[in-house]
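Asks: Sequence and computational prediction follow.
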Amino acid sequence: MSRPAVVFGGPSPEHDISILTGLQAARALADGGTDPLALYWSKTGDWHQVDPRLEAADFAEGVPRKAKPVSLVAEPGGGVIAKKKPLPISAVLNCCHGGPGEDGTLQAAFDLAGLRYTGPGVAGAALGMDKLAFGAVMAAAGLPTLPRTLLLPAGGRPPPFVGPYIVKPRYGGSSIGIEVVEDFGTAAAVVSSSPYMSDGAVVEPFLAEGRDVNVAVRTFPELQLSALEAPVRASDSAHIYDYSQKYLAGGGLEGSKREIPADLPGPLEKGLRETAEKVARLAGVRSVARIDFLAKDDQFWVNEINTIPGSLAAYLWVDPPIDRFQLLADLLAEAESSDPRRFVVTGADGTALRSAASIAAKLG
């Protein structure tokens, strides 16, 4: 009998947070009467089936005791293999944050294996993880965004806007490795030395006295937005809502300080919600995502999208109220009702091969 699988972990800086999201999801499904498979993707890339009722501390030193090794086989007839047989999985609830779990790599493997899964497809995942490309798509669609420029570890030209600057890894989560700097020289030094920016960084103006405003969106049973959230920054913070405030303070993401629903002027809230729907459609959102804005006075700018948000954004659904089990059940129902990705080979009928000259002739 097929069962849903909850996948978490992965070789990513957000490995630990992914474990927390995955264990929360597995526990909520189990408590709600569903019997999920729990699949742990280790930091070294190995796969294991684990007890869905484990605690976070069981993973603190790595692979937990009594974990059973399995394999992800990305080919027809593959899937998640245990004892030489594929596990009967109805759909995968993807709880992998950052890195290959969120950038399209894992999604492509699931597609090749014929597995149904929650979260974005390959294209949506890749766009959401690339801050430079995402910003460019939003700007091209006429949505309000701050200007961004690429900076590589080898250096580059100063941006066409004055500092201070925010410097972010081009590929990565919404809060890891971000720095606020006063000038371009400091920005270049940060990018050349940061382990999070080896593939480059985006530089944008620092919005003094701006505030973060976030909203979750889900796509099943219909496109729907959550309440707006305004995270509360620590008084001694460097003017940004960073990783330690989001995930380590107050017992974790759901215990961090926030204003929800956010107290915003009516026109600003209306503009944010209308723009969030446009972002969701442009970015190819599937399942649930969190869209992050920056706001100042009566203006706002699209900042980022998190296509597999922490805790799957369950804490944001207070208006309309949706409990965690129902949110997860809907994500799985959407995935289970869809067909696995099919690849088209129309036109690859051998005609070009039969009519081709020799390979040596083509090398000229």
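Replies: Yes, it's here.
Asks: any idea which element the nearest residue to residue 75 once chain neighbours are set aside lies in?
Replies: Leaving out its chain neighbours, the residue that sits closest to residue 75 by Cβ to Cβ, 6 or more residues apart in numbering is residue 112, at 6.1 Å. The way it works is simple: take the backbone N, C-alpha and C, and place the C-beta from them, glycine included. Element membership for residue 112, per DSSP states H and E: helix 105-113.
Asks: Buried residues in that helix, which are they?
Replies: Buried positions in helix 105-113, judged by neighbour count with 16 or more other Cβ atoms under 10 Å: 105, 106, 107, 108, 109, 110, 111, 112, 113.
Asks: Who are the packing partners of it?
Replies: Under the contact definition 3 or more Cβ pairs under 8 Å, 6 or more residues apart in numbering; DSSP states H and E, helix 105-113 sits against strand 68-73, strand 89-94, helix 122-129.
Asks: so which of the ones you listed is the most packed in?
Replies: Ranked by mean neighbour count, the helices and strands packed on helix 105-113 are led by strand 89-94 with a mean of 24 (mean count of other Cβ atoms under 10 Å).
Asks: got the contact list for the residue nearest to residue 75?
Replies: Residue 112 is in contact with 74, 75, 76, 78, counting by Cβ atoms under 8 Å, 6 or more residues apart in numbering.
Asks: Next one, pLDDT for it please.
Replies: You'll see residue 112 listed with a pLDDT of 98.
Asks: Likewise for residue 174?
Replies: At residue 174, the model reports a pLDDT of 72.
Asks: Helix, strand or coil: sort out it for me.
Replies: Under the three-state scheme (DSSP: H, G, I helix; E, B strand; the rest coil), residue 174 adopts coil.
Asks: what separates it from residue 116, distance-wise?
Replies: Relative to residue 116, residue 174 is positioned 27 Å away (Cβ to Cβ, to the nearest Å).
Asks: Which of the two has more residues huddled nearby?
Replies: Ranked by neighbour count (other Cβ atoms under 10 Å), residue 174 and residue 116 place residue 174 first, with 23 against 20.
Asks: Could I get the phi/psi values of that one?
Replies: Recorded main-chain torsions at residue 174 are phi -90, psi 0, according to degrees, to the nearest 10.
Asks: got it, and residue 350?
Replies: Backbone geometry at residue 350, expressed as degrees, to the nearest 10, gives phi 90, psi -10.
Asks: That one and residue 356, how far apart?
Replies: Look at residue 350 and residue 356: by Cβ to Cβ, they are 10 Å apart.
Asks: where are the low-confidence patches of the protein?
Replies: Applying pLDDT under 70 to the chain flags residues 234-256.
Asks: What number of neighbouring residues does residue 213 come out with?
Replies: By other Cβ under 10 Å, the residues close to residue 213 number 23.
Asks: again with residue 28
Replies: Counted by other Cβ under 10 Å, the residues lying close to residue 28 total 21.
Asks: ok, for it, nearest residue in space, not its chain neighbours?
Replies: residue 324 (4.6 Å).
Asks: Show me where the stretch 1-150 of the chain has its helices.
Replies: For the stretch 1-150 of the chain, helices defined by DSSP state H, counting those that start in this stretch occupy the ranges 15-31, 105-113, 122-129, 131-140.
Asks: Those: which one's closest to residue 283?
Replies: helix 122-129 (5.9 Å; Cβ to Cβ).
Asks: Who are the packing partners of the closest one?
Replies: Taking 3+ Cβ pairs under 8 Å, 6+ apart as the contact cut, helix 122-129 packs with helix 105-113, helix 131-140.
Asks: So which residues make contact with it?
Replies: Residues outside helix 122-129 that contact it (Cβ under 8 Å, 6+ apart): 98, 102-104, 107-108, 111, 119-120, 133-134, 137, 171-172, 283-286, 289, 305-307.
Asks: ok, residue 94 touching residue 121?
Replies: No - judged on Cβ atoms under 8 Å, residue 94 makes no contact with residue 121 at a distance of 11.0 Å.
Asks: Mind listing the shared neighbours of these two?
Replies: residue 107.
Asks: one step back: who's more crowded, residue 350 and residue 356?
Replies: More crowded of residue 350 and residue 356, by other Cβ under 10 Å: residue 356, with 10 against 7.
Asks: if I look at the residue nearest to residue 28, how far off is residue 331?
Replies: With Cβ to Cβ as the criterion, residue 324 and residue 331 are 11 Å apart.
Asks: Thanks again, I'm all set now.
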